[in-house]
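**Student:** A structural model of the following input is requested.
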Amino acid sequence: MFYRTLLFYILAITASTASCRISSVAFQMHPSVPSPVNMRTRTSRQENTCMQMVPDAAATLSLVSSFWNTQPYTAAALTCGLNASAADYVAQKRDLAKAATRQKTDLHRTAAFLLYGAIYQGMGQEYIYNQLYPILFGASTSFATVLSKVLFDLLIQTTLLTLPIAYMSKALVYKYSIKEAFRRYKDDVLKRGLLTKYFLLWGPVQCLTFSIIPAQCRVTFIASVSFFWMTILSSIASKARNVESDNVH
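**Tutor:** As a prediction, the model looks like this:
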């Protein structure tokens, strides 16, 4: 959401600049020769038009920031839910293109990622990282505190909570048992390097999260990186199911 707003900010300034340039060109093409006073007046109006767009964009950024500060769980759920489902959709499109098949996108799978993104990655992590971690480890950004948070996140939270919830969310949507969900999770860890891929990506990212990223921006930062992780996770799950399907046949 932050980057979309930033994009709007850039486009607004660009549009206002273009508008000023167009007005200037039109003024130069006018057949009459205006007086110096009129020229200064028109130039002043053009500059005012340009500058009026900047406060509007700044107000939009302020509004988004206020929404995150006053409704952090709602903002986190919306951002992470849409982010996770979009990542799965991209992964499916990529896999289908590689397979050169006419098979349609699996919307149930996308729904599973939407559920996981909104509930756990959004609201869950907003509570864990910004409410629970400061109680457990403190709010300091010292090396020892950051290292403690990162190690706990990777070795405990990820293996026992983060990834299992992802597989259980998928089981809920596809209506297979929790036992089967954990079997698939175990296979992806042991046979497809799931944890290795997770640690290589999220180790450095979480070092940044707990050291230099402000608390109110952490979920947004994680969501921006998680787009790539969710694409990887979606592809791992897809490859696993394809292998199982081939073995059955």
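
**Student:** C-alpha from now on. contacts and neighbour counts both.
**Tutor:** Fine.

**Student:** could you dump stretch 126-146 to PDB, C-alpha only?
**Tutor:** This file holds the C-alpha atoms of stretch 126-146, laid out as PDB (Å, rounded to 0.1, in the frame of the first residue of the first chain):
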ATOM      1  CA  GLU A 126       1.100  -7.300  13.600                       C
ATOM      2  CA  TYR A 127       0.500  -8.600  17.100                       C
ATOM      3  CA  ILE A 128       3.500 -10.800  17.300                       C
ATOM      4  CA  TYR A 129       6.100  -8.400  16.100                       C
ATOM      5  CA  ASN A 130       4.800  -5.200  17.500                       C
ATOM      6  CA  GLN A 131       3.200  -6.300  20.700                       C
ATOM      7  CA  LEU A 132       4.600  -9.700  21.800                       C
ATOM      8  CA  TYR A 133       8.200  -9.400  20.800                       C
ATOM      9  CA  PRO A 134       8.800  -6.100  22.700                       C
ATOM     10  CA  ILE A 135       7.500  -7.900  25.800                       C
ATOM     11  CA  LEU A 136       9.700 -11.000  25.300                       C
ATOM     12  CA  PHE A 137      12.900  -9.400  24.000                       C
ATOM     13  CA  GLY A 138      12.500  -5.600  24.600                       C
ATOM     14  CA  ALA A 139      12.300  -2.800  22.200                       C
ATOM     15  CA  SER A 140      16.000  -2.200  21.800                       C
ATOM     16  CA  THR A 141      17.800  -2.400  18.500                       C
ATOM     17  CA  SER A 142      21.100  -3.600  19.900                       C
ATOM     18  CA  PHE A 143      22.900  -6.500  18.300                       C
ATOM     19  CA  ALA A 144      22.000  -8.900  21.000                       C
ATOM     20  CA  THR A 145      18.300  -8.000  21.000                       C
ATOM     21  CA  VAL A 146      18.000  -8.200  17.200                       C
END
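
**Student:** contacts for that stretch, please.
**Tutor:** 72-73, 76, 148-149, 207, 210-212, 215-216, 219 (CA atoms under 8 Å, 6 or more residues apart in numbering).

**Student:** among these, show me the least confident.
**Tutor:** Ranked by pLDDT, the contacts of stretch 126-146 bottom out at residue 216, which scores 83.

**Student:** who's in contact with it?
**Tutor:** Counting by CA under 8 Å, 6+ apart, the residues that residue 216 touches are 68-69, 130.

**Student:** going by distance to residue 104, which of the residues you listed wins?
**Tutor:** Distance ranking of the contacts of residue 216 against residue 104, using CA to CA, places residue 68 first at 35.8 Å.

**Student:** what distance do you get for that closest one to residue 136?
**Tutor:** Distance of residue 68 to residue 136, computed by CA to CA, to the nearest Å: 24 Å.

**Student:** these two: which is more packed in?
**Tutor:** Set residue 68 next to residue 136 and count neighbours by other CA atoms under 10 Å: residue 68 wins out with 17 against 10.

**Student:** quick check: the more buried one touching residue 75?
**Tutor:** Yes. Contact criterion CA atoms under 8 Å: residue 68 and residue 75 qualify, at 5.8 Å.

**Student:** grab the nearest non-local neighbour of residue 117.
**Tutor:** residue 81 (4.1 Å; CA to CA, 6 or more residues apart in numbering).

**Student:** count of neighbours near the one you found?
**Tutor:** Residue 81 has 26 nearby residues by other CA under 10 Å.

**Student:** what does residue 97 give?
**Tutor:** 12.

**Student:** what score does it have for pLDDT?
**Tutor:** Residue 97 is given a pLDDT of 82.

**Student:** before we move on, back to that, quick one: which of the contacts of residue 216 is nearest to residue 223?
**Tutor:** residue 68 (13.7 Å).

**Student:** can you tell me which residues contact that closest one?
**Tutor:** Neighbours of residue 68 in contact, by CA under 8 Å, 6+ apart: 75-76, 216.

**Student:** save these as a markdown table, and put in secondary structure and distance to residue 59 too.
**Tutor:** Formatted as a markdown table, those follow (DSSP: H, G, I helix; E, B strand; the rest coil; distance: CA to CA, whole Å):
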| residue | secondary structure | distance to residue 59 |
| --- | --- | --- |
| 75 | helix | 18 |
| 76 | helix | 21 |
| 216 | helix | 18 |
